[in-house]
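Sequence unavailable; structure follows:
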């Protein structure tokens, strides 16, 4: 395996530990007095659709790149980028909806954990968006032809990872944090 | 140029990539010494930054030892330097707690994590596995600069008006979460948390690189079981860091939220200065779980690199193969696994369920098994060896001594029943300083003395080195041995003045003795620092490629290796690194093919 790819896999293990730490903190706290559960605003379902779709489009983009179909690559990379930005915007909307329900930083319950955990996840998606933008900029304006698919593969793997991470977090909040 | 990098990276092995890239690329002062991507330069940057931090952290301990040894004396010079913090020449309580907190933070994280693994993982991994550089030299560079940034933030916190963080290096809430709790809990604590977050990023970037490099970039013939034990040690260290630091980060993020955004992750039912706080439902114990899930692996992050270097140095200098290579490996592995399963032994008296506590007692005591295996193997490596008492060898032997003494007191503390009496006493201070602090420092010194010729092409001065060793060795025992007695008698740690207790007053002379020895030992460390910088420029020059007669690959590089390490091809490896005193030969380098009628090791 290419060392950079391998590094990414170890890094994903590291990120999993961070979210495992946070979600286990959630479980520990949810057994204590004064815990308030939270109902997820429905906008989070929309964001789920966006990020799951984007996982598919990034796959198409990678295939386009590997088959040297640069137009297709650019198209699907662009779509992925838009979906990524859309996801972050929808998450923001979700936070706003929760805030409107008087779930603020005050207190200690699922809501406060939600802001921290979903917020950190969104930061990681934003990191991915930055990477996608750089790759896309290179695809449009780069003067040098790059034949190695390694950077695209790494970006795609990371993107699938934040997608799967989101599904885990969503299920976690539905199953453990629901009530 | 970026095209060359991209395309060759895909087709060629990473080793050749860097070499070709190197041919058409001029190094300026900035790219060579400041924003360097050469693993050797980055290692030296970590080392020198670590030395600066060690002086600062050590000086802090001298200051608070002055207070502990002479609580009723005044030192007007302190007021000259520290103003309001040492009013009337006496260290003020806020300053004392700031000093203790910073001493712990700086030495645990900045010196013995970044300064130790950062230095030796960087310098030794590519050189000993036969690689031109790290898997990602750029990430490696970022790792140092994040550490530098963390250092700047931490250093600046010492100079803010309300002083540095003073909640103890573990930063337990609720104390650390409430700005009303004291001066040190104001901006100082926020800076501490930010600095630690940067530090965690640095150590993750570094750790990822170490793992990827060790697993993917070994030279031909360098199978995993032909790697020197130093590499195995930094490998397990990196895995521990990569898996445990993110958990500390999540704990720190929640603490930042509690401090600044009014959440109640750790806070509940608090009355402070007559004011009832609205926080409800938080749990301070939650922080301790998150903290010690890193905190315990952290002590092995500090200790394992020292163990690896000591194994290597003892074998080289006793001119004998390491005893029980596979057992050494197995015990490193066992320690790395157990490191994750014992964190609650720091929490025996937090109201932890005693049945749960007994599980953690068992797991904690299990660590004695791999530790004893390692000690046995070090001693049997020395046994009937043809020992050369170089400064590095002395420090390595000193490490073994300290690891035994400090390890034995760990068995006391690991028992939850005895811990009820001993927790938060000077006994704990003595235990972890010997086994983790001083022992790891000895490993680090051994490493510096042993690899200094490789780093700078010169030797350190031996006379100063021997003075450094003996003063430090004797001093370490003089400082920490008496603390065990204090602790057994119940003397608490963290107290700045114990003269109010009649029974603790008996220890007044002992405390003064400890303080005096601390100052002497600190002076000996300054001698080492002088030796270090003096020898970089004026030390005796290294004339032979392999001054210690060692088998490992770093001694096959030129005396002053450039970026890329080997001038020609990377050498191929044919044997394990510990063929000393074999078939009538003193040592057989790893690069030498196995002869037709050679005996198996």
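Right, received. Where do you want to start? Just so it is clear, the structure is predicted and the values come from calculations on it, not from any experiment.

Residue B:157 sits in which helix or strand?
Assigned by DSSP states H and E, residue B:157 belongs to helix B:137-158.

which element follows that helix toward the C-terminus?
Past helix B:137-158, the next helix or strand by DSSP H and E is helix B:187-216.

Show me what that next one packs onto, helices and strands only.
helix A:3-30, helix B:93-105, helix B:119-129, helix B:137-158, helix B:229-260 (3 or more CB pairs under 8 Å, 6 or more residues apart in numbering or on different chains; DSSP states H and E). For every residue, glycine as well, the C-beta is placed using N, CA and C.

For chain B, which segments count as strands?
Ranges of strands within chain B are B:271-272, B:275-276, B:580-582, B:585-587, based on DSSP state E.

one step back: could you dump the helices and strands packed on helix B:187-216 to CSV with mean pLDDT, distance to residue A:37 and mean neighbour count?
Below are the helices and strands packed on helix B:187-216 laid out as CSV (pLDDT from 0 to 100; distance: least, CB to CB, whole Å; neighbours: other CB atoms under 10 Å in any protein chain shown):
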stretch, mean pLDDT, distance to residue A:37, mean neighbour count
helix A:3-30, 93, 8, 19
helix B:93-105, 95, 37, 23
helix B:119-129, 96, 45, 27
helix B:137-158, 96, 37, 20
helix B:229-260, 95, 19, 24
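
Residue A:170 - nearest residue in space that isn't next to it in sequence?
Computed as CB to CB, 6 or more residues apart in numbering or on different chains, the closest residue to residue A:170 that is not its neighbour in sequence is residue A:48, at 6.0 Å.

Let me know the pLDDT of that neighbour.
On pLDDT, residue A:48 comes in at 96.

Check the one 5 residues further on too.
The score at residue A:53 is 97. That number is its pLDDT.

got JSON lines for the helices and strands packed on helix B:187-216, with distance to residue B:75 too?
Formatted as JSON lines, the helices and strands packed on helix B:187-216 follow (distance: least, CB to CB, whole Å):
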{"stretch": "helix A:3-30", "distance to residue B:75": "44"}
{"stretch": "helix B:93-105", "distance to residue B:75": "13"}
{"stretch": "helix B:119-129", "distance to residue B:75": "35"}
{"stretch": "helix B:137-158", "distance to residue B:75": "19"}
{"stretch": "helix B:229-260", "distance to residue B:75": "34"}
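
picking that back up, would you tell me which one of the strands of chain B is buried the most?
Ranked by mean neighbour count, the strands of chain B are led by strand B:580-582 with a mean of 19 (mean count of other CB atoms under 10 Å in any protein chain shown).

which other residues reach it?
B:315-316, B:319-321, B:386, B:551, B:586-588, B:598-599, B:601 (CB atoms under 8 Å, 6 or more residues apart in numbering or on different chains).

Buried members of these into PyMOL, please.
In PyMOL syntax, the buried subset of the contacts of strand B:580-582 is picked out as below (16 or more other CB atoms under 10 Å in any protein chain shown):
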select buried, chain B and resi 315+316+320+321+551+587+588
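
quick one: which of the contacts of strand B:580-582 is nearest to residue A:4?
residue B:551 (31.3 Å; CB to CB).

show me where pLDDT drops low in chain B?
Of all residues in chain B, those with pLDDT under 70 make up the ranges B:1-27, B:600-601.
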